[in-house]
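**Student:** Below is the sequence, then the predicted model.
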Amino acid sequence: MRNLKINSAMKVALVYFLFSVLWIGLSDYILLVIIKDAEIFRKISTIKGTFFVFASSLIIYLLVNREVKNVKEAFQNIQNLKQLDILTKLMNRNSLELEIDRIYDEEIQVSVLMADINGLRTINEVFSNEKGDLLLVRFSELLKNIFPQNSFISRVGGDEFVVILYDCTYTEIESYGKKLLEKVSSHIVDGIHYSVSIGYSSTCSLEHNVYDSFALSEDRMQQHKLLNENSSSNSIILSLKSTLYEKSDETEMHASRMAFMCDKIANDLNLSFSSTNELKLLALLHDIGKIGVDDAILKKNGPLSNEEWDKMKLHPYIGFKMASSTPQLNMIANAILTHHERWDGNGYPKGISGDEIPLNSRILAVVDAFDAMTNDRVYRKAMSLDAAVSEIIKNRGTQFDPKVVDVFLKIIPSI
């Protein structure tokens, strides 16, 4: 910036010097050639000098004004480089950190949405970095079109974006989140289909500050990434599922059917986006504790002995320990532990009852039982659909939460 000011000053001085030399030298020469009378020459020189002062002042003003404008533009460009992401023209991480500090200091109520483009590295490798950059720019434009004009939208990493909405409730940010996912599902950039993982939270709905809201939004985004096949985080689930399927009679189809039915029930119960993601993740990994159970017990072709059954009933606790020690799965650890509890308190391992059992565990209990009854197992053949439904109804209020059963019966025709 200092060099720019020096250069500007030198430009003004040089132009003024050249103008002065040309004006004085040429004008005096011309006057001497044309005018021979000394008195007339003196008067014209006086007029010429007055005009020179006026003209030079105007030139200096115009030059200085132009250079000041250039300096201001250069200064603004430097500031923009500090505040804006060069590629997308969104605010950058530095701007975001300053805005978060301001929000915290002024106790402003906000909602935060974090979004991550899944598999951007793969897109760069398969298509090209230029295509990846184009995708980032187009996604940035999509964000601007979806969110209000006064939103703070920033790109904070290679594939990560943050949107801050002011005085926005959780219901509103959830609505915007769903709209974003809907738009992305049909948004094709130069022939490239892509997906995003999102997470959001609001200080307006929970008694926490903006820093807590950011942490919660990031946790929920990571949870969503676990469910997305294009995300690198999904490898955790793939690894656990692969090990589970090798050891037991659990199958990919069983997990997919359960996730589908859980999603239907969550929608009917109007569960939040994050709760629905937790439920679908639970459907995929509720039995990971079976990894720690002996193969002979898992694949036994017949009834288990009391001793074998006692060992089998340890799998919720084993699964709980596995999920608790994995940060990305910590949010479903308690649901894994309680997914074999019964509404009447006669389940295991804790023997809790009613609303003491997490809602997601109560939902999973119905869905798991139904899918188990309607599909072949190593120790028995599948029941008919009607017989399985009758069994669910029979155990309404004893094994299963009555409200969950009622919702389940409503979604049966769509399964």
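**Tutor:** Arrived safely. All values reported here derive from a predicted model rather than from experimental measurement. Residues are numbered from 1 along each chain as shown.
**Student:** contacts, neighbours, all on C-alpha from now
**Tutor:** OK.
**Student:** Spatially nearest residue to Pro148, not counting backbone neighbours?
**Tutor:** Sequence neighbours aside, Leu165 is the residue nearest to Pro148 in space, at 7.9 Å (criterion: Cα to Cα, 6 or more residues apart in numbering).
**Student:** wait, isn't the one you found in contact with Ile108?
**Tutor:** No: the pair formed by Leu165 and Ile108 falls short of the contact definition of Cα atoms under 8 Å, at 10.5 Å.
**Student:** of those two, who's got more company?
**Tutor:** Neighbour tally, Leu165 and Ile108, criterion other Cα atoms under 10 Å: the higher count belongs to Leu165, 21 against 15.
**Student:** contacting residues for that one?
**Tutor:** Taking Cα atoms under 8 Å, 6 or more residues apart in numbering as the criterion, Leu165 is in contact with Val110, Ser111, Val112, Pro148, Asn150, Ser151, Phe152, Ile173.
**Student:** go with 10 Å
**Tutor:** Remark: with contacts taken as Cα atoms under 10 Å, 6 or more residues apart in numbering, Leu165 is in contact with 109-113, 147-153, 172-173, 202.
**Student:** Looking at those, which is nearest Leu87?
**Tutor:** Set against Leu87, the nearest of the contacts of Leu165 by Cα to Cα is Ile153 (13.8 Å).
**Student:** That closest one: neighbour count?
**Tutor:** As a measure of burial, Ile153 has 24 neighbours, counting by other Cα under 10 Å.
**Student:** Apart from its neighbours in sequence, what residue is nearest Asp85?
**Tutor:** Once its chain neighbours are removed from consideration, Asp85 has its nearest residue in Asn92; the separation is 4.9 Å (Cα to Cα, 6+ apart).
**Student:** returning to that earlier point: following the helix or strand hosting the residue nearest to Pro148, which helix or strand comes up?
**Tutor:** Leu165 belongs to strand 160-166 when assigned by DSSP states H and E. On the C-terminal side of strand 160-166, the nearest following helix or strand under DSSP H and E is helix 170-185.
**Student:** Give the other helices and strands that that next one contacts.
**Tutor:** Counting contacts by 3 or more Cα pairs under 10 Å, 6 or more residues apart in numbering; DSSP states H and E, helix 170-185 packs against strand 110-117, helix 129-146, strand 160-166, strand 196-202, helix 273-285.
**Student:** Relative to Lys178, which of these is closest?
**Tutor:** The minimum distance between Lys178 and the helices and strands packed on helix 170-185 falls on helix 273-285, with 8.3 Å, by Cα to Cα.
**Student:** And what about Ser256, helix, strand or coil?
**Tutor:** Using DSSP: H, G, I helix; E, B strand; the rest coil, the three-state assignment for Ser256 comes out as helix.
**Student:** Pretty sure it sits against Leu282.
**Tutor:** No: judged on Cα atoms under 10 Å, Ser256 makes no contact with Leu282 at a distance of 11.4 Å.
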